[in-house]
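1. A structural model of the following input is requested.
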Amino acid sequence: QVQVVESGGGLVQAGGSLRLSCAASGSIISISAMGWYRQVPGLQRELVAVITSGGSTNYADSVKGRFTISRDNAKNTVYLQMNSLKPEDTAVYYCNAKGSTWTSSVPFNSWGRGTQVTVSS
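-> Have a look, this model is predicted:
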């Protein structure tokens, strides 16, 4: 079983910055990708940014140039640096991790409980 825990959300004024962190733990052999998604009530969860174990990244068009995803493979941790925040970035941000464990032949795909980010205008 893999646990994913996010931290770092909060309230910030438009134009400000926040840094989210996410750590995965458990019987992990390797993590192939970690990413951040966000969801606004009534809407579907959407990709914000994802990073592979090799360091390849992919961003939603709406956050390119403002958000940066990075990871520490040794700590099974991923970060999301969010700059120039806008009110439309307000959402619950969820961390996702995919990989393999010692305890199962089935790859895992685990989600955190989410952290609220609120950007005031």
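2. Give me the phi and psi for the closest residue to Ile69 other than its chain neighbours.
-> Among residues not flanking Ile69 along the chain, Ala49 sits closest, at 4.0 Å (CB to CB, 6 or more residues apart in numbering). For every residue, glycine as well, the C-beta is placed using N, CA and C. Taking degrees, to the nearest 10, you get phi -160, psi 150 for the backbone angles of Ala49.
3. for the most centrally placed residue in the chain, what are its contacts?
-> Nearest to the mean C-alpha position of the chain, counting by CA atoms, centre = their mean, stands Trp36 at 2.5 Å. Counting by CB atoms under 8 Å, 6 or more residues apart in numbering, Trp36 touches 20, 22, 47-50, 69, 78, 80, 93-96.
4. Please report how far the residue nearest to Ile69 lies from Cys95.
-> Per CB to CB, to the nearest Å, Ala49 is found 11 Å from Cys95.
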